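J.: have a look at this fold, sequence not included:
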Ligand SMILES: [Zn+2]
């Protein structure tokens, strides 16, 4: 992977809407097509299973034929609506990049950088011929380390792994300023469970990891690869024991620990922080936020208890692991066998051009987005989305007025926060200047490194300045959406504004059930268990009265219990606590979208289309965007690591909590998904 090791601000993590969907139409034209992309009104009714009672299993009722017959492409861990739309976005980017490659681009332009970065990725012969030469300088630097301080100096460089990561984000205490955030880091497997959980499945993951680490040492020319692998894994297992679990990392209070340098030295005494911060360009920093304090303290204590030689093996493995995509095929194949095949069940490597598109997304994604928007994003879509977002905001305002569990003081604060939402649609108002990023056709490894350094230095340079509110975390060509609590901003990239999420030719019920629910979901994050701890200006501030807080918590516990009971694999149930924020977003989002749909009808009855009422189309559209199947290993991975519930839960549990769904499909006591009115969770 080519993302920064340094975890981007903890606080923005896990707040996005994951997963997406398909679409088969051609390039987005300048004028919307007259007919919807799906079916006659926007919902694909041919793939429903009407033999299933909607009240027994709504997800299967809405998607059953597709679920019974679809297969996961060999190069994917999961397949569904989001993935289909992602395939389209990927193909669109390829067409754009191929076009750039056909003629020489003027040196130093964005077009030249995109084209040459892609060309350097596609030049497999050259990557092969260079062997591990690009890694030599890093390996020599590791080799030369003799003391703990030498190790820490290496760990402060962005290319090396460490038990701590450094990032720069908005300060929760004053979101107009940037702050350095220090987080737990340093594992080679996804999370601590992979090291520590008992059972055959996890034994299998650990065996695959051992094979992988051994293979990397072989390829690096290590004389005792199996022993070196055992050393690295033993060290990481000790690190895993002190790491915080993903659900604990969602605690915004426990992870917000502002410190000055003396405080940092006292809290994490094993690290010479000047030695760690200086190589990252942060030597002059006087104030930091430390996230998982005990994990960072105890993880770095291993620098004292484990031999320098063991840490050197650790650094060598990780520097090769992180760069494996950009090294000869033997590294790439070994990485695929572990990261994709063993951990997620993927059968074959993705075609090279697809991975090239992902590389561009990671290294020069905003620049690529500038070209993507110019070619593919119809200007009319922005205005239509702005209107939808305004309708959703109005709907939430209406709902807030009548929520029985809120007292007036808290309600007024919530309205203030809603009014301050800052929605961004399509693409950023200001494009990122890649002028200082040099790219050439011949040096894939160095291109990627320079890209990371360019991004890091840009962040370091603005420390001490005012936070840039025009910046986007996501790329316009990304099929996703996000909410950022410290900015109180909602972001809807251009690529998600396509069918089946958003189709100007579809029936309004369909758009409200799809993109409307996505908009509502992101708004819901402003008021989920994390987002509600931030105020209208993005400051971490408690604006809740004690009694309203208690009522909120009671509802969220009920919701967690519903998700805890969703068990898609034997002994593998959704973690209601880890997925809490996303689940609140999903439920609140669907409620808001439904209210907005009703408001849009202006008191009139929606027409019946194909025998379906407006309400039925709304809920079917929603369940359809979550249409997805995935491999068991990928599902287990998701449940352990991802704050999003599996799509079958996302496309059915919110419905069960909405009275309108019961009315729309005649769901009655005795139906398997039936919840008595008092069991339904009503939050937003
Ligand atoms: Zn989300």
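T.: Structure's in. What do you need? What you see is a predicted model; the values in this text were computed from it and never measured.
J.: find the closest residue to the ion in the stretch 51-200 of the chain.
T.: Evaluated by CB to the ion, the stretch 51-200 of the chain has residue 82 as its residue closest to the ion, separated by 12.7 Å. (Each C-beta comes from the backbone N, C-alpha and C, glycine too.)
J.: wasn't that residue part of a helix?
T.: Yes. According to DSSP: H, G, I helix; E, B strand; the rest coil, residue 82 belongs to a helix.
J.: quickly list what it is bridged to.
T.: Under DSSP bridges, the beta-bridge partners of residue 82 are residue 21.
J.: can you give me the strands in this protein?
T.: For the chain, applying DSSP state E gives strands covering 78-80, 164-171, 174-184, 257-260, 287-290, 422-426, 482-484, 489-493, 628-630.
J.: for stretch 343-363, what is the average pLDDT?
T.: Stretch 343-363 shows a mean pLDDT of 98.
J.: also stretch 234-245?
T.: If you average the pLDDT over stretch 234-245, you get 98.
J.: distance from the chain centre to that stretch, please.
T.: Using CA atoms, centre = their mean, to the nearest Å, the mean C-alpha position of stretch 234-245 is found 23 Å from that of the whole chain.
J.: list the contacts of that stretch.
T.: 163, 184, 186-189, 191-196, 292, 294-295, 298-299, 302, 306, 310-311, 314 (CB atoms under 8 Å, 6 or more residues apart in numbering).
J.: for the residue lying closest to residue 539 once chain neighbours are set aside, give me its contacts.
T.: Closest residue to residue 539 apart from its sequence neighbours, by CB to CB, 6 or more residues apart in numbering: residue 175 at 6.1 Å. Applying CB under 8 Å, 6+ apart, one finds that residue 175 lies in contact with 467, 486-487, 537-539.
J.: again with residue 523
T.: 392-393, 396, 418, 421, 483, 490, 588-589, 592.
J.: nearest to the ion within the stretch 151-300 of the chain, name that residue for me.
T.: Residue nearest to the ion within the stretch 151-300 of the chain: residue 250 (12.2 Å; CB to the ion).
J.: these two touch, right, that residue and residue 578?
T.: Yes. Using CB atoms under 8 Å, residue 250 is in contact with residue 578, at 7.0 Å.
J.: what do those two both touch?
T.: Here residue 250 and residue 578 have residue 643 as joint contacts, going by CB under 8 Å, 6+ apart.
J.: now list the buried members of the contacts of residue 175.
T.: With neighbours counted by 16 or more other CB atoms under 10 Å, the contacts of residue 175 contain buried members at 467, 486-487, 538-539.
J.: before we move on, the earlier item: in CSV: the strands of the chain, plus distance to the ion and mean pLDDT.
T.: Listed next are the strands of the chain as CSV, based on distance: least, CB to the ion, whole Å; pLDDT from 0 to 100:
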stretch, distance to the ion, mean pLDDT
strand 78-80, 17, 97
strand 164-171, 18, 97
strand 174-184, 20, 98
strand 257-260, 25, 98
strand 287-290, 23, 98
strand 422-426, 15, 97
strand 482-484, 7, 97
strand 489-493, 11, 97
strand 628-630, 16, 97
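J.: select, out of these, the one closest to residue 554.
T.: Closest to residue 554 of those, according to CB to CB: strand 482-484, at 23.9 Å.
J.: note down every partner strand of that closest one and its orientation.
T.: Sheet pairing here is set by DSSP bridges, and for strand 482-484 it gives strand 489-493 (antiparallel).
J.: got the buried ones among the contacts of residue 175 as JSON lines, with distance to residue 432 columns?
T.: Shown next, in JSON lines, are the buried ones among the contacts of residue 175 (distance: CB to CB, whole Å):
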{"residue": "467", "distance to residue 432": "15"}
{"residue": "486", "distance to residue 432": "20"}
{"residue": "487", "distance to residue 432": "17"}
{"residue": "538", "distance to residue 432": "22"}
{"residue": "539", "distance to residue 432": "27"}
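J.: restrict those to those near the ion?
T.: Among the buried ones among the contacts of residue 175, none lies close to the ion by the criterion of CB under 5 Å from the ion.
J.: quick one, what contacts residue 471?
T.: 428, 432.
J.: one more pass at 10 Å, please.
T.: The contact partners of residue 471, taken as CB atoms under 10 Å, 6 or more residues apart in numbering, are 366, 428-430, 432, 462, 484, 487, 489.
J.: ditto for residue 59
T.: Residues near residue 59 by CB under 10 Å, 6+ apart: 52, 67, 623-624, 626-628, 647-653, 655, 673.
J.: for residue 264, grab the count of nearby residues.
T.: Counted by other CB atoms under 10 Å, the residues lying close to residue 264 total 25.
J.: that one and residue 173, how far apart?
T.: 16 Å (CB to CB, to the nearest Å).
J.: residue 53 too?
T.: Distance from residue 53 to residue 173, by CB to CB: 52 Å.
J.: same check on residue 318?
T.: According to CB to CB, residue 318 stands 33 Å off from residue 173.
J.: which one of those two is surrounded by more residues?
T.: residue 318 (23 against 15).
J.: so what's the more buried one up against?
T.: Taking CB under 10 Å, 6+ apart as the criterion, residue 318 is in contact with 5, 142, 159-162, 186-188, 213, 216, 232, 236.
J.: phi, psi for residue 667 please.
T.: In terms of degrees, to the nearest 10, the main-chain angles of residue 667 are phi -80, psi 130.
J.: show me what contacts it?
T.: With contact taken as CB under 10 Å, 6+ apart, residue 667 is in contact with 53-56, 58, 655-656, 661, 673-675.
J.: give me the below-cutoff pLDDT ranges for the stretch 351-500 of the chain.
T.: Residues of the stretch 351-500 of the chain meeting the criterion pLDDT under 70: none.
J.: one more time with 90, if that's ok
T.: Along the stretch 351-500 of the chain, the model assigns pLDDT under 90 to residues 378-381.
J.: for the ion, what are the nearby residues on the stretch 501-650 of the chain?
T.: So the stretch 501-650 of the chain meets the ion at 582, 585 (CB under 5 Å from the ion).
J.: quick one, helices of the stretch 501-650 of the chain?
T.: Under the criterion DSSP state H, counting those that start in this stretch, helices of the stretch 501-650 of the chain are mapped to 508-511, 517-525, 546-564, 580-600, 614-625, 632-641, 647-650.
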